[in-house]
Every structure is written in C-alpha cells, then in structure tokens.
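Asker: Below are the sequence and a predicted model for it; my questions follow.
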Number of protein chains: 2
Amino acid sequence: LSEFSLIDWIRRRAPGNDRTLVGIGDDCATLRFRPGADVLVTADMLLDGRHFRLDEVDPAQVGHKVLAVNLSDIAAMAGLPVAAFATVALPRSRATELARSIVDGMIPLAEQFGVGRAGGAPTAWEGPLAVSVTLLGEAAGRGPVGRSGARPGDAICITGPLGGSLLGRHLRPEPRIEAALAMNRAVALHAMIDISDGLASDLQHILDESGGLGATLDAELIMIHADAYAAARLDGRTPLDHALNDGEDFELCFTLEPDDLKHLRIAPAFAPEVRRIGTIEVEPGLRLRTPDDLVAPLSPRGFDHLAAGP
Amino acid sequence: LSEFSLIDWIRRRAPGNDRTLVGIGDDCATLRFRPGADVLVTADMLLDGRHFRLDEVDPAQVGHKVLAVNLSDIAAMAGLPVAAFATVALPRSRATELARSIVDGMIPLAEQFGVGRAGGAPTAWEGPLAVSVTLLGEAAGRGPVGRSGARPGDAICITGPLGGSLLGRHLRPEPRIEAALAMNRAVALHAMIDISDGLASDLQHILDESGGLGATLDAELIMIHADAYAAARLDGRTPLDHALNDGEDFELCFTLEPDDLKHLRIAPAFAPEVRRIGTIEVEPGLRLRTPDDLVAPLSPRGFDHLAAGP
C-alpha cells in the first residue's frame, strides 16, 4: 500500500464533520468555528518504549490513547472538541498495518465526541513508532477554564477515584468532556486541570499558575481507585500514595466557590462521582490532613517527560 | 534541565502573539481568530534518517525547516499564519541541547511571519529525533485557495526556479507567504499547491482534485534553478528532469484565468519571478511540449512517504 492509497483509505474510513470545509487531501484543512468562539489547541505525542511498548499493546490502543489524552486536555478547559490532526512515524516493516490499526483505534472515540479527522501525515522510517496528535476545540459555556483562576477559600474537587492506572486503565482513559461542559454551564469553575502527572503534581500547577497559593487536602476524602489498592499490594506503597502521585488518571481536578458545589448536578453517565477533597488557601504549599487531624506537608513527585522512561 | 525548566525557557524565548490569549502553560492554548474567518491547519513531521541526518545538519536547521514546510502549506492556501505547536521526541543523551537548538532555529522564521509559539511537548526517548509541527493559520483575501478549482484554459504558473534543492537549498526553504497573500488579493487564483514532492507530481494532484483534468507544460518556459544544473552534472539526469521531478522546492504552482496574469504585480522581494509554464486542458494527463514543438506524455515520479528513505 503506497502513501496515497493509505491516505485515501484514511479519508474514507475517517470522514470529517460539519466543521471541516476542506479535510484530508489539500495543503491545509479548512475548519469553520462558531463566529467569535476562541479556539483551543493541544498537542501530545506517544512514543514506543516511553509511553507504551509496541510488543505488549494492540496498536489500536495507542490510537485510542493518543486521541484520549488530547481530549482530556480539551476537557480540562471545558471545551468542545472539533478536529484532530495526526503525524505518525511508522516502523517501515509494519508501516501500513500499524497506520490502519492506529486509525481504527481512534475512530470510536472520534465518533463519540464528534471529532473530525481533518489531516495528518504517515511516514515510514527506521525508528520506533511515534504518534503525535494535535486536537482543536472550541470554547463553550462560560468560556475556557484555565489553571490560573483558583482563589483562597475555593473548594478543590475531583471527578472520580484515582491511582493505580498503570495496571492497565491508563490505556483506555475516558475523557471527561461531557462532565466538564455540564459543570461549566452550571457554575463558574475557577481553575481546572486533568490529572495526567498525578493529583499532587497537577494541583501544584494550579497553585503555581494562580499566583503561588496553597492547599490542604483531606486524606479521608480523596477517592482511591480499586487499582490503587491492587498496585499497593504489588509494591508496598500505600493506596493513598498511589492516588496522590500516580499519573494518567485523566479525571479532572477543579476549584470553585464552596457554595456552588450544590449546583453541580452531573449526570452519573458523564462523571460517576464528583467530590470535594480540600480547600485552596493563601499560605503557599501543598498539605495533607490525616485522619488523626494532623496536617503534614505534601511533596508532589512530578512526572518529568525528559527523565528516564518506564 | 528538567522538562518544566525547559518549557519555562521556551516560554520566555518564544513568546506568543496578540492572537494567543493563553499560550504555553495550560492544558490547551487559547487562540483568537478574526470573527468569521476560516481556520487553516497543517501538520508535518521531520524524522532523523528520513528527512535529514542529525550527524550532518545543525539541529537549528531542523527547527527552521519543519516550521518552513508548514508555512509553505499555509502559503499554498494563501493563508496568514497564526500559531505553531511542536511535539518533539528527543534522543535522551542530547535532549535539552537539541530542544534548545530546534527552538532557536524556529525563532527567526516565526518572527518574520508573526507566528506565535503557543504550545507543544518535548519528550526524551531512546529513539532518533522526530519533530512534528502543527501550524494554524487564517483564511485571507478572497479565501483559501484549494487544489480543486483548476479550469480548462487556465494558465499554470510557478513562483520561482526549480530543481536540485537536495544540494542544500531544501534545508532553508523560503515560504511564499507574502507572494501568495498579495496574489490572492490581486486576482482570483483557481488552484494552488506548494512544490514539495516535485512539480510534475504536485501539478498532478491539482489535476486529480480538479475532477481529472490534464495539462501541457512548455519545457522552454520552466524556470530551472542553478542547483538543477549542478545536480545534473553529478548524476547525469537532465536539468529539466530535476526541475520537473525533484521535490522540496517550496515554490508555489497555481492556476488562474490567463487574462488575470497581467494583474499579478508581485513585489520582487516576495517572489523573485512568477512565470506561466503551461495550460490546463480538458484531456486528462500531463504532457510536455519540447523546444522542437513535439508533445510527449509526462509521468510524475511521485514522492512516496512510505517508500524507502534517502
């Protein structure tokens, strides 16, 4: 299969949407946004040996995941996804088979969230599989929710249980697009981020970007995923440590006026649980209140994308 | 240097522009387009060993080129560039040095064309260097010029001499953004493409996308670059063959009403030469008229991105 017949195949398999005036097959895609709407853009790359091992996963899972992590970034701004662009470096010996599987893995998510496949480029090389997706979205509701709007006194909430995703859940994230859109219509969200590096680390980004605020989390309120208990049995770390520091949960962490919590009526289909887990404070730093009512400093163990891989 | 200090460095080194409401440092960038303007998007990836050899080039040239090829795609739609997003897979042993050089290589072009650096992600891995850029632009003038609007009788033009770019010119393409914007204001361009795969191959895309038209090119009118003569001396192919089939020229090939040619007053600074080289015809296929007035079929030797590398 040559490049052009592969692109023709992708064109037929993955159509555009009503926002895609010109899709695959020209120098640029041409997209139409709602007049006046701000455009959201995010880009992520998944690499063999770094984010997954091609000999251990179905390539369709790689396609699903790379689109899902980008959708999660759009969710973190409470945006509406519009169109995706993929560039893929394919190991030459399996180029066509891999390209088809990756596209097949993207299609169910793209259809679920109305994402048009608008362009991109497959290229064969001698290196390992690298898949980069750029996702465009549109601001919705009260506008994009950034990381910098947290205020002292805000309630800190999460949309679901955390920890242990590396046992397998990390390969099939469920982007919280509908939950974020519904919440952003219902109340003024002050700051939001998706939990990709770990709750402590990602909440620290909100504190830093909001002018150096602090926060205290309540250990008893943090929802701990069943996978975090399973991971704890394997490595001896506590389930709470997994919930605080494991990455790739792709739930949302957000802050809002405590009084607005009661207006958050999220349909369970969109986000099974939304729970307050702490409070934003003036005093910088991240703290954890334990069940015996002691408050101890909490150091995020950030995920450094330039450090050694798994 | 960790990921976050590298991103901070990029943030300082490469600021956004007045379209970038939120740039690097949130889950998504937030861009503002002219209300009602269509959004143009293109993505390209450059790979070590496939598009360049890292042991033979300055990494800054890779940064320049990956942005330039994307700018050339925006030029081919007669669009205005707005903001760029880069995802980069960096060989671990040189990750920080490479990331800095690549960004440094992008900056002069970004400043020249008003492109805001709005986001992206550097990641270290064990594989070779892979640099992917997605560029967003805005439709301008009479709107985006696609590949599908050529009509029988149209004049076929190019913006400069072709061939032999692999001798070195391919590493420093000059995207024809201003020329395309000026021409699209002056006249109705029917179809346009940038010459990345080779004149014959890229013109064939216009013929295919315009409903299966044909064209005859006049061998005596095709501007042949000095590098094509140098390449011909090295490999024994003719200079004309290089001009017709070498890729990576990044000049524009476009079609328009022959009467409109006289309204094309392109400032020489934007495109040194614009010349008519042939005519669009109803009869499918690509033909070449030789100096002795014979017309022979011309077979494009397309560049297949899935085939073997250089």
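Answerer: Noted; the coordinates are in hand. Numbers count the residues shown, from 1 in each chain, chains lettered A, B, ... in the order given.
Asker: show me where the stretch 101-250 of chain A has helices.
Answerer: A:177-186, A:199-209, A:226-235, A:239-245 (DSSP state H, counting those that start in this stretch).
Asker: Take the ones you listed and lay them out in TSV including mean pLDDT, distance to B:Arg142 and mean neighbour count.
Answerer: Yep, even glycine has a C-beta here, placed from its N, CA and C like the rest. Listed next are the helices of the stretch 101-250 of chain A as TSV, based on pLDDT from 0 to 100; distance: least, CB to CB, whole Å; neighbours: other CB atoms under 10 Å in any protein chain shown:
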stretch	mean pLDDT	distance to B:Arg142	mean neighbour count
helix A:177-186	92	36	21
helix A:199-209	96	41	22
helix A:226-235	96	56	16
helix A:239-245	96	55	23
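Asker: Pipe these into a markdown table and attach distance to B:Asp246 per row.
Answerer: Output for the helices of the stretch 101-250 of chain A, formatted as a markdown table (distance: least, CB to CB, whole Å):
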| stretch | distance to B:Asp246 |
| --- | --- |
| helix A:177-186 | 45 |
| helix A:199-209 | 47 |
| helix A:226-235 | 55 |
| helix A:239-245 | 53 |
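Asker: Would you mind naming what in the stretch 51-200 of chain A lies close to chain B?
Answerer: Proximity of the stretch 51-200 of chain A to chain B (CB under 8 Å from any CB of the partner chain) is limited to residues A:73-74, A:76-77, A:79, A:83, A:85-90, A:92, A:95-96, A:118-128, A:130, A:132, A:134, A:136-137, A:139, A:144, A:146-148, A:192-194.
Asker: Can you tell me how far A:Ser233 is from A:Glu248?
Answerer: Not quite, residue A:233 is Arg, not Ser. Counting by CB to CB, to the nearest Å, the separation of A:Arg233 from A:Glu248 is 19 Å.
Asker: Kindly apply the preceding question to A:Ala226 instead.
Answerer: 16 Å.
Asker: Over to the residue nearest to the spatial centre of chain A. Which of the three states is it?
Answerer: Chain A has A:Ser72 as the residue nearest its centroid, 2.8 Å off, counting by CA atoms, centre = their mean. Each residue gets one of three states, and A:Ser72 gets helix by DSSP: H, G, I helix; E, B strand; the rest coil.
Asker: Confirm for me that it is in contact with A:Pro173.
Answerer: Yes. Using CB atoms under 8 Å, A:Ser72 makes contact with A:Pro173 at a distance of 6.2 Å.
Asker: if I look at these two, which residues touch both of them?
Answerer: A:Phe250 (CB atoms under 8 Å, 6 or more residues apart in numbering or on different chains).
Asker: And the strands in chain A?
Answerer: Counting by DSSP state E, chain A has strands at residues A:20-22, A:29-31, A:39-47, A:79-91, A:116-125, A:130-139, A:155-158, A:191-194, A:214-218, A:252-256, A:275-281, A:285-289, A:295-297.
Asker: Save the ones you listed as CSV, and put in distance to B:Leu21 too.
Answerer: Putting these into CSV (distance: least, CB to CB, whole Å) gives the following:
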stretch, distance to B:Leu21
strand A:20-22, 24
strand A:29-31, 18
strand A:39-47, 10
strand A:79-91, 13
strand A:116-125, 22
strand A:130-139, 9
strand A:155-158, 25
strand A:191-194, 16
strand A:214-218, 26
strand A:252-256, 20
strand A:275-281, 24
strand A:285-289, 28
strand A:295-297, 35
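Asker: With mean pLDDT added, can I get those strands in TSV?
Answerer: Output for the strands of chain A, formatted as TSV (pLDDT from 0 to 100):
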stretch	mean pLDDT
strand A:20-22	73
strand A:29-31	86
strand A:39-47	94
strand A:79-91	93
strand A:116-125	81
strand A:130-139	94
strand A:155-158	97
strand A:191-194	97
strand A:214-218	98
strand A:252-256	98
strand A:275-281	97
strand A:285-289	97
strand A:295-297	95
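Asker: wait, which of the helices of the stretch 101-250 of chain A is closest to B:Gly163?
Answerer: For B:Gly163, the closest of the helices of the stretch 101-250 of chain A is helix A:177-186, at 49.0 Å, according to CB to CB.
Asker: That closest one packs against which elements?
Answerer: Other elements packing on helix A:177-186 under the criterion 3 or more CB pairs under 8 Å, 6 or more residues apart in numbering or on different chains; DSSP states H and E are helix A:59-76, strand A:79-91, strand A:252-256.
Asker: tell me the angle the first one makes with helix A:177-186.
Answerer: Using axes from the mean of the first three to the mean of the last three CA atoms, to 10 degrees, the interaxial angle of helix A:59-76 with respect to helix A:177-186 works out to 10 degrees.
Asker: between helix A:59-76 and strand A:252-256, how many degrees?
Answerer: Angle of helix A:59-76 versus strand A:252-256, following the same axes, to 10 degrees, is 0 degrees.
Asker: Give me the buried positions along helix A:59-76.
Answerer: A:59-76 (16 or more other CB atoms under 10 Å in any protein chain shown).
Asker: tell me the angle of that helix relative to strand A:116-125?
Answerer: 130 degrees.
Asker: so A:Arg275 sits right up against A:Pro161, yeah?
Answerer: No. A:Arg275 is beyond contact range of A:Pro161, at 9.1 Å (criterion: CB under 8 Å).
Asker: So among the residues of the stretch 51-200 of chain A next to chain B, which ones count as buried?
Answerer: Those of these that meet the buried threshold are A:73-74, A:76-77, A:79, A:83, A:85-90, A:95-96, A:118-128, A:130, A:132, A:134, A:136-137, A:139, A:144, A:146-148, A:192-194, by 16+ other CB under 10 Å.
Asker: Against A:Phe250, how distant is A:Glu174?
Answerer: 7 Å.
Asker: more crowded one of those two?
Answerer: A:Phe250 (27 against 19; other CB atoms under 10 Å in any protein chain shown).
Asker: I'd say that one and A:Arg172 touch.
Answerer: No. Contact criterion CB under 8 Å: A:Phe250 and A:Arg172 do not qualify, at 9.7 Å.
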